[in-house]
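Peer 1: sequence and predicted structure are below.
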There are 2 protein chains.
Amino acid sequence: MSEYKSDIEIAQESELLPIQSIADSLGLSSETIEYFGKYKAKISYEKIRDLQKNEDGKIILVTSINPTAAGEGKSTVTVGLGDGLKRLGKKTIIALREPSLGPTMGIKGGATGGGYAQVLPMEDINLHFTGDLHAITTANNALSALIDNHIHQGNQLNIDQRRIVWKRAIDLNDRSLREIVVGLGGPVQGIPRQDGFDITVASEIMAVLCLATDLSDLKHRISRIVIAYTYDKQPVTVRDLGVEGAITLLLKDALKPNLVQTIEHTPAIVHGGPFANIAHGCNSVIATRTASKLADYVVTEAGFGADLGAEKFIHIKSRSAGFQPEAVVIVATIRALKMHGGLSKYELTHENIFALEKGLENLKKHIETVTQFGLPYVVAINRFTTDTKAEISVLEKWCMNNNIPVSLTEVWEKGGAGAVDLAEKVLHEIEKSQYTFSYLYDLHTSIEEKIRTIVQKVYGGRDVEFSVKALKQLQEFEDFGWGTLPVCMAKTQYSLSDDPQKLGRPKDFTIHVRELKPKLGAGFIVALTGEMMTMPGLPKQPAAYRMDVDENGMAIGLF
Amino acid sequence: MSEYKSDIEIAQESELLPIQSIADSLGLSSETIEYFGKYKAKISYEKIRDLQKNEDGKIILVTSINPTAAGEGKSTVTVGLGDGLKRLGKKTIIALREPSLGPTMGIKGGATGGGYAQVLPMEDINLHFTGDLHAITTANNALSALIDNHIHQGNQLNIDQRRIVWKRAIDLNDRSLREIVVGLGGPVQGIPRQDGFDITVASEIMAVLCLATDLSDLKHRISRIVIAYTYDKQPVTVRDLGVEGAITLLLKDALKPNLVQTIEHTPAIVHGGPFANIAHGCNSVIATRTASKLADYVVTEAGFGADLGAEKFIHIKSRSAGFQPEAVVIVATIRALKMHGGLSKYELTHENIFALEKGLENLKKHIETVTQFGLPYVVAINRFTTDTKAEISVLEKWCMNNNIPVSLTEVWEKGGAGAVDLAEKVLHEIEKSQYTFSYLYDLHTSIEEKIRTIVQKVYGGRDVEFSVKALKQLQEFEDFGWGTLPVCMAKTQYSLSDDPQKLGRPKDFTIHVRELKPKLGAGFIVALTGEMMTMPGLPKQPAAYRMDVDENGMAIGLF
């Protein structure tokens, strides 16, 4: 709407503090950070080690209902909640994922919150930031080049070129690179074989970087990555190739967390961003942990809905890192709930109580999931101007009747002021909490059993059906000794089921697992359900068409 | 040799000054630079504009004989000469190219000088530095994705998918990506077509960035880039696609020059690095010009020998930017001269006066070339421990007899102290110079005539032979109105001729031009002679195998 400013206008009108002054507020001297321009910095490994003696702050995890085309504004609420906690005098850090250039140039135009709840400098964070994603892309592709070179130079490791599972990566939306043939042109141009590019955030290097606790752990994880199988069908790892040192060297700065600020000068650590469908969808362990050592409250988010991001945050990220959230915020919008109640995205501007009430079933399932983990929660209604009083009232009453803590937030328009109520309610839930946290599955159950547990307890499905290939892999993976790893479900984000059309709260459905993928560096087994998109395409009118820059380097057309 | 320290050991033992203190020595306040860590900074556009009112410093161009497998150490001499001038009390800046990760991970292991004549921090400069090459890679590939998407979405511009001349790029040595097929997998995966990746330094984006004077000029140049031809064989440019804004936005920080320091704390601007065979092989205009506004002497280098880099520095870079070198340093080594005299690289450790004398013919031709331009020069003999007294004596006598200014430099071992004599001689030549500078060709002669002039005057060849395709293109390009652009010769660096086997000073040879390529963004026409390598491969034992990093991020195995 024309009366509102765009995100980039609001961002460019905001006055940033020098990053040192944000660092000072956290007790980070100029010796312990490295500047990237005036408003970004990386925190040094020495300081991070030194911080380990500090007490842990409390982690608040922001998740949502299943996302819809209507948009939920999870990052915006995360930023607003952090600003809100700061307004209540709480020492707070926001821990977010780094945006990927692919969606930025494609549809999104930016991914750093919105309105008056943004992290800054938004142009830099949305473009190259501190180069982490480029380092990951380069590490990924250096490994590809070293694999192909190994085969070209004699293939001492006996790698079956038809069974190379390591793909190339690029941080762009480029459908033409999904399926390619490389190595054409004759004997001096390498070995012809099928290959493809994933978007960088889907690279296992990204997942590994986000789960590593320090550079040594990073190197160790990289060495475990399965890159191919031999002609005898035995796994080949990075260690077999002997290049974990070089690949880790390429990531020596990318692993350091990035410090920035919100419009309200709340410190934010923006670091790492694996896909939430093929990978675990959370910012880095090193960022979350560093934040929790520097502040009393850390507000962080996980990708997509609670069925994907939150489940993985708990079962994969937190379990690996040894911390747990103290409370969960479940973001919903009236628009999105109406879509879950059956409306199309063109019908959302009109009041529709019936659809809203029907859509609440989706929210209810995610609340149940969070409760199963024994975590306190608050529902955050991210208010839109099209929400009617009657709709808001229905929602609030439903929460009251069901004893569900809820807060109406207006963070886009009001920044932290629009989330003070949410912040108070979250603090209240943490304080009064009498829940006992527990995982939903034990690592020592079989891969099959773990998948079944997630499907039944988190998705509310009836059963799991494994393809012939997946059944074979279940056995193989247990034989390879990979059975005690957690499972990373690759499922559509739009539905609790594996069918993106089934919105709301589908029941009695079966999840179809068609393939497993070992991600030994990350330390999980991916279970693919349906077709997962690991390389998005550009739309007919990419956001790039609107982008520009003036002669001083001021960005135009990010939003 | 084991008694010597490696380059990385010397670099890591050196104590760096905070980059602000280097900036202070140039009058650059903290408001005018942007830090990238403690020892790297970018200079702001505002400051660069502000500097234009300053007087120009004197540019000293370092070039060499035709490179051989023996190595010449041109960057090392460039750094040493800068340090030497500083020791003489001259306000000096060194302006170098940025290394590419491909050769670093492949054979070179690093490209920031050597011994005690290095630019620091060498680990960072050799790895991701300030992210310029990653920004260029991303800009290049965003353009590719936008081209393929345009065709996939209906191809309004009528692009002939068989005549797309824009290739993808990656900053790695990866032979498997030289010839590929993209867009496989069916109608939703794009249009199948042949494509390939060049190494990033061979991308026209790199050449454009290195010739642009500011962001507006950069955008203008990008808009002119020819990406494809229509089915009617008319050129299609970036402007036709309408994405020059987005591509320039991706380069908004990459265009800012990078300030670092040598081991002796001499300021160095390391920025840009196009290939010297397919492109013009010089660091950026914006870096060289900014350096000349900040210092009295700028020492800069151009790629490969004087037949390639120096010719292009003068005819392309300097002509476009409006400055000229005041003097040229021609680097030679006794080892390399002996190879030009017929020895193999395994025979270089033994004294061989005959081969040396024969090899001097190569040096002589490059001296003649520099003299034709009307530029004063000094020959710098980059001393190696295997050089014998007799060999050095022969070389010095030959120079004396021919009235050739020469200096024996020992920069690897002694840093600036090893180049004080060279610095004095260069200053002397500049002072006494009575030459008059002139270009060897006029821009208004035909493309064919320009090529012939370079072949005859710079290479010492007899004639040029154009392939049928090239002959057709000569006509087409003149018809498209591209005839007044300078020519960028793509020729092997190893020989004055187009046959890499013909070392020394071949005569009466013909240069074979097989194809022309329009680089309208860069503003030159590439003339391809022989097979040009735009994507190197990795050797059997890549340098990456030796690379590692310790738990504090200290690099191991760069050298």
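Peer 2: Received the coordinates, thanks. Numbers count the residues shown, from 1 in each chain, chains lettered A, B, ... in the order given.

Peer 1: neighbours of A:Ile227, how many?
Peer 2: A count of neighbours around A:Ile227, defined by other C-beta atoms under 10 Å in any protein chain shown, yields 26. For the C-beta atoms, the positions are set from N, CA and C on the backbone; glycine is no exception.

Peer 1: quick check: it touching A:Asp148?
Peer 2: No - A:Ile227 is beyond contact range of A:Asp148, at 10.9 Å (criterion: C-beta atoms under 8 Å).

Peer 1: longest strand of chain A?
Peer 2: Counting by DSSP state E, the longest strand found in chain A is strand A:510-519.

Peer 1: which element follows it toward the C-terminus?
Peer 2: strand A:524-529 (DSSP states H and E).

Peer 1: give me the phi and psi for A:Val181.
Peer 2: Phi and psi for A:Val181, reported as degrees, to the nearest 10, are phi -120, psi 130.

Peer 1: beta partners of it?
Peer 2: Using DSSP bridges, the bridge partners assigned to A:Val181 are A:Gln194, B:Val181.

Peer 1: wait, it sits on A:Ile191?
Peer 2: No - taking contacts as C-beta under 8 Å, A:Val181 lies outside contact range of A:Ile191: 10.9 Å.

Peer 1: what's the neighbour count on A:Gly305?
Peer 2: Every residue meeting other C-beta under 10 Å relative to A:Gly305 is counted, giving 30.

Peer 1: helix/strand/coil for the spatially closest residue to it that is not a sequence neighbour?
Peer 2: The shortest distance from A:Gly305 to any non-neighbouring residue, by C-beta to C-beta, 6 or more residues apart in numbering or on different chains, is to A:Asn66 (4.2 Å). Using DSSP: H, G, I helix; E, B strand; the rest coil, the three-state assignment for A:Asn66 comes out as coil.

Peer 1: A:Asn66 and A:Gly460, how far apart?
Peer 2: To A:Gly460, A:Asn66 is 12 Å away according to C-beta to C-beta, to the nearest Å.

Peer 1: the more surrounded of the two?
Peer 2: When A:Asn66 and A:Gly460 are compared on other C-beta under 10 Å, the one with more neighbours turns out to be A:Asn66, at 29 against 19.

Peer 1: my read: the more buried one touches A:Gly359, true?
Peer 2: No - here A:Asn66 lies out of contact with A:Gly359, judged by C-beta under 8 Å, at a distance of 10.1 Å.

Peer 1: which residues are in contact with both of A:Asn66 and A:Gly460?
Peer 2: Jointly contacting A:Asn66 and A:Gly460 under the rule C-beta atoms under 8 Å, 6 or more residues apart in numbering or on different chains are A:Leu496.

Peer 1: thinking again about what came up before, what's the overlap in contacts for A:Asn66 and A:Gly359?
Peer 2: By the contact definition C-beta under 8 Å, 6+ apart, A:Asn66 and A:Gly359 are jointly contacted by A:340, A:503.

Peer 1: mind checking the SS state of the closest residue to A:Ile151 other than its chain neighbours?
Peer 2: Take A:Ile151 and drop its neighbours on the chain: the residue closest to it by C-beta to C-beta, 6+ apart is A:Ile191, 5.2 Å away. Reduced to three states with three-state DSSP, the structure at A:Ile191 is coil.

Peer 1: how about A:Leu61?
Peer 2: Assigned with three-state DSSP, A:Leu61 falls in the strand class.

Peer 1: tell me how far stretch A:387-404 is from the chain's mean position?
Peer 2: Here stretch A:387-404 is found 29 Å from its chain centre; the criterion is C-alpha atoms, centre = their mean, to the nearest Å.

Peer 1: report the buried residues of it.
Peer 2: Applying a neighbour-count criterion of 16 or more other C-beta atoms under 10 Å in any protein chain shown, one finds A:387, A:391, A:394-396, A:398-399, A:404 buried in stretch A:387-404.

Peer 1: break down the stretch 201-350 of chain A into its strands, ranges please.
Peer 2: If DSSP state E, counting those that start in this stretch is used as the criterion, the strands of the stretch 201-350 of chain A fall at A:226-230, A:235-237, A:258-262, A:267-270, A:297-301, A:327-332.

Peer 1: flag every residue of the stretch 401-550 of chain A that's near chain B.
Peer 2: Taking C-beta under 8 Å from any C-beta of the partner chain as the contact definition, the stretch 401-550 of chain A meets chain B at A:537-538, A:540, A:542, A:544-550.

Peer 1: which SS state does A:Ile93 fall under?
Peer 2: Applying three-state DSSP: A:Ile93 is strand.

Peer 1: residues touching the residue of the stretch 451-559 of chain A found nearest chain B, list them.
Peer 2: Of the stretch 451-559 of chain A, the residue with the smallest distance to chain B, taken as C-beta to the nearest C-beta, is A:Asp548 at 3.2 Å. Residues in contact with A:Asp548, defined by C-beta under 8 Å, 6+ apart, are A:555-557, B:245-246, B:248-249.

Peer 1: now list the buried members of those residues.
Peer 2: Looking at the contacts of A:Asp548 with 16+ other C-beta under 10 Å, the buried ones turn out to be A:555-557, B:245-246, B:248-249.

Peer 1: now render those as JSON lines, adding pLDDT.
Peer 2: Rendered in JSON lines, the data for those read as follows (pLDDT from 0 to 100):
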{"residue": "A:Ala555", "pLDDT": "92"}
{"residue": "A:Ile556", "pLDDT": "91"}
{"residue": "A:Gly557", "pLDDT": "87"}
{"residue": "B:Gly245", "pLDDT": "97"}
{"residue": "B:Ala246", "pLDDT": "97"}
{"residue": "B:Thr248", "pLDDT": "98"}
{"residue": "B:Leu249", "pLDDT": "97"}
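
Peer 1: the strands of the stretch 201-350 of chain A: which one's closest to chain B?
Peer 2: Judged by C-beta to the nearest C-beta, the one of those that comes nearest to chain B is strand A:258-262, at 12.6 Å.

Peer 1: who does the closest one pair with, and is each partner parallel or antiparallel?
Peer 2: Here strand A:258-262 has these sheet partners by DSSP bridges: strand A:41-43 (antiparallel), strand A:117-120 (antiparallel), strand A:267-270 (antiparallel).

Peer 1: what's next to it, contact-wise?
Peer 2: For strand A:258-262, contacts defined as C-beta under 8 Å, 6+ apart pick out A:16-17, A:19, A:22-23, A:26, A:28, A:33, A:36, A:39-43, A:79, A:82-83, A:94, A:98, A:113, A:117-121, A:125, A:129-130, A:132, A:267-271, A:287, A:415-416.

Peer 1: give me the buried subset of those residues.
Peer 2: Once neighbours are counted (16+ other C-beta under 10 Å), the buried part of those comes down to A:16, A:19, A:22-23, A:26, A:28, A:33, A:36, A:39-43, A:79, A:82-83, A:94, A:98, A:113, A:117-121, A:125, A:129-130, A:132, A:267-271, A:287, A:415-416.

Peer 1: just among the residues of the stretch 401-550 of chain A next to chain B, which is most surrounded?
Peer 2: Using other C-beta under 10 Å as the contact criterion, the top neighbour count among those goes to A:Ala544, which has 29 neighbours.

Peer 1: distance check, that residue against A:Pro103.
Peer 2: Counting by C-beta to C-beta, the gap from A:Ala544 to A:Pro103 is 11 Å.

Peer 1: not counting its neighbours along the chain, what's nearest the closest residue to chain B within the stretch 301-450 of chain A?
Peer 2: Distance from chain B to each residue of the stretch 301-450 of chain A (C-beta to the nearest C-beta) is smallest for A:Ala321, at 18.0 Å. Closest residue to A:Ala321 in three dimensions, ignoring its sequence neighbours and counting by C-beta to C-beta, 6+ apart: A:Val285, at 4.3 Å.
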